[in-house]
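Asker: Make a model of this:
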Amino acid sequence: MKTKVTLLLVGIILITIISGCMTTGSTITESMATESPTKDIKVGEASTKTFEGKKILYIDSYNAGYEWSDGETRGIENILNNTGVELKILRMDTRRNDSEDFGKQEGMKAKSVIEDFRPDVVITCDDPAFKYVIMPHYRGAALPVVFCGINWDVSIYGAPYENTAGMIEVSLTPQLISYLKEYSKGDRIGFIAGNTATDRKNAEYYTKLYNINFTRKYHVTTFEEWKRDFLKLQEEVDIVILENNAGITDWDNNEAQAFVLENTRIPAGATMDWMPPYSLIGITKIAEEQGEWSAMTALRILNGTRPSDIPIVTNKKVRLYLNLKIAEKLGVIINPEILKNAEIIQ
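Answerer: Numbering: from 1, shown residues only. Prediction:
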């Protein structure tokens with residue numbers, strides 16, 4: 001029987017991650033005290049296995065063109081290519097339409113697709129697909145489900161179930177804040193992000209799991225609001241966490257980079273792979289890891305492993321970024337250890 005995942009378990013795993021050490025290069029990989037999800041099928045062997053006639057349905061909570069979803073999709077496709085598996089992709093588009101009613105409607109559509117396609121395994125990426133498809137329609141069902149990208153805690157959905165295996169998505173924000181404090185004049189921490197359910201959940205769990213108390217916290221919907229509140233934070237706090245900009249519909253990358261470079265007066269940090277151009281340091285999650293793990297786990301299930309025998313894990317890889325333009329703007333001298341390991345943005 002799979003043990004119920006709780007915040008305590010996630011907290012223990014995070015301590016394991018944070019207490020680890022960096023590898024050389026731009027990817028940080030930490031060891032995890034869990035069974036390898038790919039012990040039955042190695043990555044290099046996946047293409048030599050034959051799963052002809054087997055079907056996997058991948059349900060993306062969001063949309064093609066969103067960087068995180070695209071990374072998860074690449075990870076899944078990289079593993080499943082040449083395995084013989086028939087892969088079908090369904091996009092729910094809940095990032096651009098995040099109402100409860102829309103989510104339930106898309107959940108019913110996904111249920112119809114499952115009934116028509118009759119997959120051997122379903123992969124769900126991110127919270128909405130699990131919340132609106134698996135929890136109401138396939139909880140404890142015969143259909144095996146592999147989830148990834150669920151932020152922080154699956155117990156809010158009553159999971160894990162007997163028919164599920166999965167990877168929880170976490171951020172190494174305390175480590176990011178620790179780096180930023182080397183270049184700040186105080187300890188006040190600010191937060192700015194889009195006004196999506198995921199962004200609000202992240203802010204909540206930073207406090208719940210990490211005991212991070214934000215002096216100022218802003219959730220915005222437009223680029224003008226983001227610029228306004230970014231300027232406020234330069235006066236209100238000493239460190240800024242720049243969370244996801246995905247919920248900001250009129251975001252302009254070039255204008256944002258120019259605006260940040262002109263107006264940055266305090267160190268900022270990024271947790272998403274596309275936000276380092278606007279921050280001093282980024283310690284970011286890797287979407288491909290979620291997709292690759294999910295696809296490999298789906299192959300394990302097709303190979304006969306029961307979902308309930310596969311431990312829940314968290315992501316264990318991040319990329320380290322350093323923005324030299326912003327470092328120069330702030331007049332900071334960068335720790336050589338960061339320079340040695342970071343991917344440089346100039």
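
Asker: where along the protein do the strands fall?
Answerer: 27-29, 55-60, 86-91, 121-125, 145-151, 164-169, 189-194, 216-220, 239-242, 268-270, 281-285, 313-314, 317-323, 343-345 (DSSP state E).

Asker: List of residues touching the third one?
Answerer: The set of residues external to strand 86-91 that reach it, using Cβ atoms under 8 Å, 6 or more residues apart in numbering, is 53-60, 62-64, 69, 73, 76-77, 80, 110, 113, 117, 119. C-beta: built from backbone N, CA, C; applies to glycine.

Asker: Among these, name the ones in helices.
Answerer: Judged by DSSP state H, the contacts of strand 86-91 include Ser69, Thr73, Ile76, Glu77, Leu80, Ala110, Val113, Phe117 as members of helices.

Asker: From those, list the buried ones, please.
Answerer: Ser69, Thr73, Ile76, Leu80, Ala110, Val113 (16 or more other Cβ atoms under 10 Å).

Asker: quick one: which of these is nearest Trp226?
Answerer: Lowest distance from Trp226 to these (Cβ to Cβ) belongs to Ser69, with 21.4 Å.

Asker: Now for the nearest residue to the closest one once chain neighbours are set aside, how many residues are close by?
Answerer: Distances taken as Cβ to Cβ, 6 or more residues apart in numbering put Tyr62 closest to Ser69, at 4.4 Å, once the chain neighbours are dropped. Tyr62: 25 surrounding residues under other Cβ atoms under 10 Å.

Asker: on that earlier part again, could you single out the most deeply buried of the strands of the chain?
Answerer: The highest mean neighbour count among the strands of the chain, using mean count of other Cβ atoms under 10 Å, belongs to strand 121-125: a mean of 29.

Asker: That one: partners in the sheet, and parallel or antiparallel?
Answerer: With DSSP bridges as the test, strand 121-125 is paired with strand 55-60 (parallel), strand 145-151 (parallel).

Asker: pLDDT (mean, whole number) over the shortest one?
Answerer: Read it as strand 55-60. Average pLDDT, strand 55-60: 98.

Asker: What of stretch 118-126?
Answerer: Stretch 118-126 comes out with an average pLDDT of 98.

Asker: hey, C-alpha coordinates of that stretch in CSV?
Answerer: Provided in CSV are the C-alpha atoms of stretch 118-126 (Å, rounded to 0.1, in the frame of the first residue of the first chain):
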residue,chain,number,x,y,z
ARG,A,118,-8.8,3.5,-24.6
PRO,A,119,-5.2,4.2,-23.5
ASP,A,120,-3.2,1.7,-21.5
VAL,A,121,-1.7,4.5,-19.4
VAL,A,122,-2.6,8.1,-18.9
ILE,A,123,0.0,10.8,-18.1
THR,A,124,-1.2,14.0,-16.6
CYS,A,125,1.0,17.1,-16.3
ASP,A,126,0.3,19.8,-13.7
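
Asker: Run through who's touching it.
Answerer: By Cβ under 8 Å, 6+ apart, the surrounding residues in contact with stretch 118-126 are 54-62, 68-69, 72, 76, 88, 114, 130, 133-134, 138, 143-151, 169, 198, 290-291, 294-295, 298, 301-302.
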